[in-house]
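[1] Have a look; sequence and predicted model below, questions after that.
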Amino acid sequence: MSENIRVRFAPSPTGYLHIGGARTALFNWLFARHNKGTFVLRIEDTDRERSTDEYIEAIIEGMKWLGLDWDEGPVRQTDRFDVYKKYVGKLLEEGKAYYCYCSPEELEANRKEAMKQGRSLKYSGKCRGLKEPVPGIEPVVRFRMPQQGSTYVDDMVKGHVVFENEQLDDLIIQRSDGTPTYNLTVVVDDVDMAITHVVRGDDHLNNTPRQVQLYEALGYETPKFAHLPMILGSDKARLSKRHGATSVMAYYEMGYLPQALVNYLVRLGWSYGDQEVFSMEELVQYFSFENVGKAAAVFNPEKLLWLNQQYIIQSPNETLAEQVIPFLEKEQVIQAGQQQDMKWLAKAVGTLRERSKTLVEMAQSLRYYIDEDIEYEEKAKNKFLKEESRELLVELKEGLESMSEFTEQEIENLFRSIAERKEVKLGKLAQPARVALTGGTQSPGIFEVLDVMGREKTIRRLERAIDSI
RNA sequence: GGUCCCAUCGUCUAGUGGCCUAGGACGUCGGCCUCUCACGCCGAAAACACGGGUUCGACUCCCGUUGGGAUCACCA
């Protein structure tokens, strides 16, 4: 690969960081890191009506959470209006751009008419040859698009794409209020920032020939392009809110690990043989546009959930304990800011790791270890906390009281010896105990549960269960 | 409608002319393990959109059809 690769992620702050944008950012980041290049964050906020500082913050927050760090920026386009002005002036001077006095209403009417007649919706070129300004109207500036020949786009994922120039219309590069538009700013900035590879969604593919013409008019070499296929919802329409959560941070709130989301996103469109689970290091090492597919991909929440569980299973207990705390606070299992016994929490988390698909689930399960009082599930209570289990629970309680060492192994020995003595299967004792301790019929292994819960709390709960029978 | 892109199991994908009796993963179904639930393990069903070429030979190359998507703003 060539030296000094420079890429950018250029979101428009008109919304939070969503799944599609995150994947674009991720592919840029991976390409930069793989090639030891530079990753620039640029905020495309020329639409002052819809851009907000809150969204800029939200995008940054999302990228940080995913672990996508950038080397330069964030650069805001609104800080660079004088630069764009200069380039527009240059194009105007060289006759490569011209003033257009057509009103938005007029243009809209033309488009409607063209649509009705089934023609292309291209601008008529009415003001192309105008020599004198039209008084009383603040004009826009249009780029004089070549009308002969073809424009070639050599794309790293789509291959060679050809556009006939006669299909391209004279796009507006400066609004009547003097602000520049996207197609101009994107080219100027990519030139100014020495971007070598433009990696973005393939919804931009149709804009690319126009931008290529702009590069040429400005006298610059075009960068390489990589247009990534879209992410679709289950109905194959472009992914949107009605398909469920699309905000990256919504996945944080639902208890997903950032690495799991990254891993899932990268596999939408990219593959490395049959491998499904990747570390960040592997991703950086293996990433290449050669393995990026051309077809749009459907977002599949079930597979993401599975991956999240895989990452939870692989995570060290101590890390998970740290990560689950905000969720314990949110579920009001613990109080915010309260000091925690992290060693104990890590142990508790260890018993839940293999049965939690998200941190939210984990926090909810942790409740029965932490709360002083538990609620019995109605069905569980009726089935297991009844007369025939009473004596077993009493025996268990007494056994625990007289146990010298309260260890998982000793607990197991006690359970088994009671079951044997009473000539019942282990489950006859374990299930009532489980309900007594956790309130439900599903939990980690009963010996671990006792071990984590500790002798005092265990005995208190057994007493309460016995009394309730 | 014009232009552009795309097309392998329900979904994500492997496959770059013979290795394909089309592989893996999620999900689904069945089984094993077992104190419950999970995890794990074993197994099953499940796809090359269609039609023409090219070739000794096409999932792979070409053309067309069909289907899907994107785009056509003084948004980005």
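    Everything's here; your move.
[2] Show me where chain A has its strands.
    Ranges of strands within chain A are A:6-9, A:38-43, A:72-76, A:97-100, A:140-143, A:150-155, A:159-164, A:172-174, A:197-201, A:224-228, A:231-232, A:297-298, based on DSSP state E.
[3] Could you say which of the ones you listed is packed most deeply?
    Mean neighbour count (mean count of other Cβ atoms under 10 Å) peaks for strand A:6-9 among the strands of chain A, with a mean of 26. C-beta coordinates here come from the backbone N, C-alpha and C atoms, glycine included.
[4] near RNA strand B at all, it?
    No: figure legend: strand A:6-9 not in contact with RNA strand B (Cβ under 7 Å from any atom of the strand); closest approach 11.3 Å.
[5] roughly how far out does that strand sit from the chain middle?
    For strand A:6-9, the distance from its own C-alpha centre to the chain's C-alpha centre is 18 Å (Cα atoms, centre = their mean, to the nearest Å).
[6] how deep is A:Ala22 tucked in, by neighbour count?
    One way to gauge burial is a neighbour count; for A:Ala22, by other Cβ atoms under 10 Å, it gives 26.
[7] OK, contacts around it?
    Taking Cβ atoms under 8 Å, 6 or more residues apart in numbering as the criterion, A:Ala22 is in contact with A:Gly62, A:Met63, A:Leu66, A:Val248, A:Leu261, A:Leu265.
[8] again with A:Asp202
    Shown here is A:Asp202, whose contacts under the criterion Cβ under 8 Å, 6+ apart are A:Val157, A:Lys158, A:His227, A:Leu228, A:Pro229, A:Met230.
[9] Which residue of chain A lies farthest from its centroid?
    In chain A, counting by Cα atoms, centre = their mean, A:Arg421 sits farthest out from the average C-alpha position, at 55.4 Å.
[10] Show the model's pLDDT score for it.
    Predicted confidence (pLDDT) at A:Arg421: the value is 91.
[11] now it: how far from A:Glu391?
    Separation of A:Arg421 from A:Glu391 (Cβ to Cβ, to the nearest Å) stands at 11 Å.
[12] and RNA strand B, which of the contacts of A:Ala22 reach it?
    Among the contacts of A:Ala22, no residue is within reach of RNA strand B (Cβ under 7 Å from any atom of the strand).
[13] List just the nearest of those residues to A:Gly445.
    Closest approach to A:Gly445 among the contacts of A:Ala22 (Cβ to Cβ): A:Leu261, at 30.4 Å.
[14] hang on, isn't that closest one packed against A:Ala250?
    No: if you go by Cβ atoms under 8 Å, A:Leu261 and A:Ala250 don't touch, sitting 10.5 Å apart.
[15] Who has more neighbours out of the two?
    Here A:Leu261 and A:Ala250 are compared on neighbour count by other Cβ under 10 Å; more neighbours surround A:Leu261, at 23 against 15.
[16] tell me the contacts of the more buried one?
    Under the criterion of Cβ under 8 Å, 6+ apart, the contact list for A:Leu261 reads A:Ala22, A:Leu66, A:Val248, A:Tyr251, A:Leu304, A:Asn308.
[17] switch the cut-off to 10 Å
    A:Leu261 is in contact with A:19, A:22-23, A:26, A:65-66, A:248, A:251-252, A:304, A:307-308, A:311, counting by Cβ atoms under 10 Å, 6 or more residues apart in numbering.
[18] any idea how far it is from RNA strand B?
    The spacing between A:Leu261 and RNA strand B, counted by Cβ to the nearest atom of the strand, to the nearest Å, is 14 Å.
[19] Kindly provide the distance from that residue to A:Phe299.
    According to Cβ to Cβ, A:Leu261 and A:Phe299 sit 11 Å apart.
[20] hey, what's in contact with both of those two?
    Any residue near both A:Leu261 and A:Phe299 by Cβ under 10 Å, 6+ apart counts here, and that gives A:Ile19, A:Arg23.
[21] and the contacts of A:Asp202 near RNA strand B, which?
    Intersecting those with the surroundings of RNA strand B, defined as Cβ under 7 Å from any atom of the strand, gives A:Lys158, A:Pro229, A:Met230.
[22] Of those residues, grab the buried ones for ChimeraX.
    Buried residues within the ones next to RNA strand B among the contacts of A:Asp202, as defined by 16 or more other Cβ atoms under 10 Å, are selected in ChimeraX through the command that follows:
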select /A:158,229,230
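[23] of the ones next to RNA strand B among the contacts of A:Asp202, closest to A:Asn110?
    Nearest to A:Asn110, judged by Cβ to Cβ, of those is A:Met230 at 29.7 Å.
[24] mind listing what the closest one touches?
    The contact partners of A:Met230, taken as Cβ under 10 Å, 6+ apart, are A:20, A:23, A:201-203, A:237-239, A:268-269, A:295-297.
[25] who's in contact with A:Arg367?
    The contact partners of A:Arg367, taken as Cβ under 10 Å, 6+ apart, are A:Leu328, A:Glu331, A:Gln332, A:Val333, A:Ile334, A:Ile374, A:Glu375, A:Thr438, A:Gly439.
[26] go again using 6 Å as the cut-off
    Contacts for A:Arg367 were tallied using Cβ atoms under 6 Å, 6 or more residues apart in numbering; they are A:Val333.
[27] just the one 3 residues further on next, same as before
    When contacts are counted by Cβ under 6 Å, 6+ apart, A:Ile370 is found next to A:Val333.
[28] ok, back up a step: got a ChimeraX select line for the buried ones in the contacts of A:Met230?
    A single ChimeraX command suffices to select whichever of the contacts of A:Met230 are buried according to 16+ other Cβ under 10 Å:
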select /A:20,23,201,202,239,268,269,296,297
